[in-house]
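Engineer: Next input, structure requested:
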Amino acid sequence: MPAAIAASFCAILIGGLFWLDRGEKAKISMANWIPVVWLCIVCSRSMGQWLNIGLPYESVDQVMDGSPVDRMVYTCLLAIGLVVLLHRTRQVGKLLQANVPILLFFLYCALSFLWSDFPALAFKRWIKALGDLAMVLVVLTDHDPLAAFKRVLARLAYVLIPLSVLFIKYFPNIGMSYNFWTGSPVYTGVTSNKNTLGAICLCFGLAALWRFVTAYKNKELNGRTRQLIASAIVLVMVLRLFQLMNSMTSFLCFLMASFLILATNTRTVSRMPVVVHLQMVAILTVSVSVLFLGFSPGVLRAIGRNPTLTDRTDLWAQLLKMVRNPFLGTGFESFWLGPRLEELWRVNTWRPNQAHNGYLEVYLNLGWVGIALLMVVLVAGYRTALRAWRNNDPTGSLRLAYFFVGLVFNFTEAAFFRMQAAEWLFFLFAIVCVPTVSYSTTRLLAPSRYEPQSRVARQRSRFTEEVVRN
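Structural biologist: Numbers count the residues shown, from 1 in each chain. Predicted coordinates:
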């Protein structure tokens, strides 16, 4: 099929997905387009990469200078986002008060400028990282956060996933590259590397599965059949992309997190929340045992990995020897700069630009203090995601899945508090606590996972009568 005709079919498919997913028009703010554009860039390629200006970086000086085009785009989007948040000061204030651990971590990152070798550059990168939080706040301070969140997922998934398939098959100069050492094809789609493509397939694949399960359970959902079809189409394309690329971290995370979504939507697990704790502990224990403790090396070979996790363990040993201040680290996003980066590029011909382990990355930049604050964020985030699920928040099971992905994905990739990491942004959506009415009232007003709608209506009516009577 000629590329032009394939592109036309892709455009029709994208339009068809939006048509299938239509339903009651939720009244969400137009400001929701700001995080959509931000996430679209983060989940694909930067503007500098799309325009092929100054990229890829070939020297340490280029890494430190960055791309002026990207800097301008991110600054404009952040400025617009901050203007929106200034008009929602009441909602933003409540949201920030409910998420003190995340604020403390960001404040410590800002404080780390004091001992960074490159304070000006660290400050610029901190501003970009703050932009991620601002985009999440724009979505979650909307007057209908659930509808806004769903709309963001739909707009991104229905565009980026079909375009990735199109680019790989019909525009290989955009969607493919070749391994420098083996010459084998590397599928990148709308992104710049296979790991980023794996990350967006992971995030949007889980969202599609969550929407499919939610629609399947809700027999009275408006446009239920159309939503089931749209979600199934996205899932099929995601599975096809996983089959093409060799991103085992993302694929295994997708399988395990999918199991978590399915399990948390069953009657048995909903009645015994402790099962969720056991599932999380069991999967994390198996992952750590196989990856780091040397249990079942045959599993690593079966998924195409060697005991060094594709030279990651060798890199980790080098990085630990370069730590000068284990308590405070080198400063926010300051480790992979200057002489350290030159030395690592000289030793490693594949030119790493991250530790390929999120926990080690935090340690290198922020030391043990940063690790301690990260643990506080993780504990608070897990409680937030679990509370959302237990109190019938429609996004509860997806929050748990994204939280789990954040934990496991960072075993072999660095995504915590890292700009241009799709999995980090969706992890942030999962752990941010959205203040609502008291949970006792929420339980009474929110429909149960398995309760008939008529019974829910009667329950709400009785509650309203009691309030009026009192």
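
Engineer: Might you list the low-confidence residue ranges for the stretch 251-400 of the chain?
Structural biologist: Residues of the stretch 251-400 of the chain meeting the criterion pLDDT under 70: 292-310.

Engineer: what ranges do the strands span in the stretch 151-300 of the chain?
Structural biologist: 176-178, 185-187 (DSSP state E, counting those that start in this stretch).

Engineer: could I get these as a markdown table with mean neighbour count, mean pLDDT and distance to P339?
Structural biologist: Placement of C-beta: from N, CA and C, glycine included. Output for the strands of the stretch 151-300 of the chain, formatted as a markdown table (neighbours: other CB atoms under 10 Å; pLDDT from 0 to 100; distance: least, CB to CB, whole Å):
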| stretch | mean neighbour count | mean pLDDT | distance to P339 |
| --- | --- | --- | --- |
| strand 176-178 | 14 | 84 | 30 |
| strand 185-187 | 18 | 87 | 30 |
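
Engineer: can I get these in JSON lines with distance to M248?
Structural biologist: Below are the strands of the stretch 151-300 of the chain laid out as JSON lines (distance: least, CB to CB, whole Å):
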{"stretch": "strand 176-178", "distance to M248": "19"}
{"stretch": "strand 185-187", "distance to M248": "14"}
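
Engineer: Which of those sits closest to L156?
Structural biologist: strand 185-187 (19.2 Å; CB to CB).

Engineer: Note down every partner strand of the closest one and its orientation.
Structural biologist: Pairing partners of strand 185-187, with direction, according to DSSP bridges: strand 176-178 (antiparallel).

Engineer: List the contacts of the strand it pairs with.
Structural biologist: Strand 176-178 has contacts (CB atoms under 8 Å, 6 or more residues apart in numbering) with 167-168, 184-188.

Engineer: now do 10 Å
Structural biologist: 167-169, 172, 184-189, 192-194, 244 (CB atoms under 10 Å, 6 or more residues apart in numbering).

Engineer: which one of these is nearest Q318?
Structural biologist: Nearest to Q318 among these is N193, at 21.6 Å by CB to CB.

Engineer: quick one, what contacts the spatially closest residue to the closest one that is not a sequence neighbour?
Structural biologist: Nearest residue to N193, sequence neighbours excluded (CB to CB, 6 or more residues apart in numbering): V186, at 7.5 Å. For V186, the contact set (CB under 10 Å, 6+ apart) comprises 176-180, 193-194, 197, 245-246.

Engineer: do V152 as well
Structural biologist: 28, 32-33, 35-36, 38-40, 135-136, 138-139, 142, 207, 429.

Engineer: Let's see if you can find the most crowded of the residues you listed.
Structural biologist: P35 (30 neighbours; other CB atoms under 10 Å).

Engineer: before we move on, what SS does W38 have?
Structural biologist: helix (DSSP: H, G, I helix; E, B strand; the rest coil).

Engineer: Which residue is the nearest non-sequential neighbour of it?
Structural biologist: Closest to W38 by CB to CB, 6+ apart is M135, at 4.8 Å.

Engineer: mind checking how far stretch 105-124 is from the chain centre?
Structural biologist: 24 Å (CA atoms, centre = their mean, to the nearest Å).

Engineer: Buried residues of that stretch, list them for me.
Structural biologist: 105-106, 108-110, 112-113, 116, 118, 121-122, 124 (16 or more other CB atoms under 10 Å).

Engineer: I'd like to know the average pLDDT value across stretch 14-28.
Structural biologist: Stretch 14-28 shows a mean pLDDT of 80.

Engineer: which outside residues touch it?
Structural biologist: 32, 139, 142-152, 154-155, 157-163, 166, 211, 221-234, 237.

Engineer: Repeat the analysis, applying 7 Å as the threshold.
Structural biologist: 142, 144, 147-148, 151, 154, 158-159, 162, 222-223, 226-227, 229-230, 233 (CB atoms under 7 Å, 6 or more residues apart in numbering).

Engineer: out of those residues, which are buried?
Structural biologist: The buried subset of the contacts of stretch 14-28 - by 16+ other CB under 10 Å - is 142, 147-148, 151, 154, 158-159, 162, 226-227, 229-230, 233.

Engineer: now N392, what's its secondary structure?
Structural biologist: Assignment for N392 (three-state DSSP): coil.

Engineer: burial measure for it, as a count.
Structural biologist: Considering only other CB under 10 Å, N392 is surrounded by 17 other residues.

Engineer: And it, how far from M237?
Structural biologist: 30 Å (CB to CB, to the nearest Å).

Engineer: Could you pull up the residues touching S184?
Structural biologist: Contacts of S184 by CB under 7 Å, 6+ apart are Y178.

Engineer: Out of the strands of the stretch 151-300 of the chain, which is closest to H87?
Structural biologist: That would be, of the strands of the stretch 151-300 of the chain and by CB to CB, strand 185-187, which comes in at 42.3 Å.

Engineer: Centre of the chain to the closest one, how far?
Structural biologist: Worked out by CA atoms, centre = their mean, strand 185-187 lies 23 Å from the chain centre.

Engineer: Look at the nearest residue to S250 once chain neighbours are set aside and report its pLDDT.
Structural biologist: Closest residue to S250 apart from its sequence neighbours, by CB to CB, 6+ apart: G198 at 3.1 Å. Per-residue confidence at G198 stands at 89 (pLDDT).

Engineer: Columns secondary structure and distance to M256 on top of the buried residues of stretch 105-124, output as TSV?
Structural biologist: Shown next, in TSV, are the buried residues of stretch 105-124 (DSSP: H, G, I helix; E, B strand; the rest coil; distance: CB to CB, whole Å):
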residue	secondary structure	distance to M256
F105	helix	26
F106	helix	29
Y108	helix	31
C109	helix	30
A110	helix	35
S112	helix	33
F113	helix	37
S116	coil	36
F118	coil	38
L121	helix	37
A122	helix	35
K124	helix	36
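
Engineer: I'd like these laid out as a markdown table, including pLDDT and distance to I80.
Structural biologist: Below are these laid out as a markdown table (pLDDT from 0 to 100; distance: CB to CB, whole Å):
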| residue | pLDDT | distance to I80 |
| --- | --- | --- |
| F105 | 93 | 25 |
| F106 | 92 | 20 |
| Y108 | 95 | 27 |
| C109 | 93 | 23 |
| A110 | 92 | 22 |
| S112 | 93 | 28 |
| F113 | 91 | 25 |
| S116 | 91 | 28 |
| F118 | 90 | 28 |
| L121 | 88 | 24 |
| A122 | 88 | 24 |
| K124 | 87 | 18 |
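
Engineer: Sort out for me which of the contacts of V152 are in helices.
Structural biologist: The members of the contacts of V152 that map onto helices under DSSP state H are 33, 35-36, 38-40, 135-136, 138-139, 207, 429.
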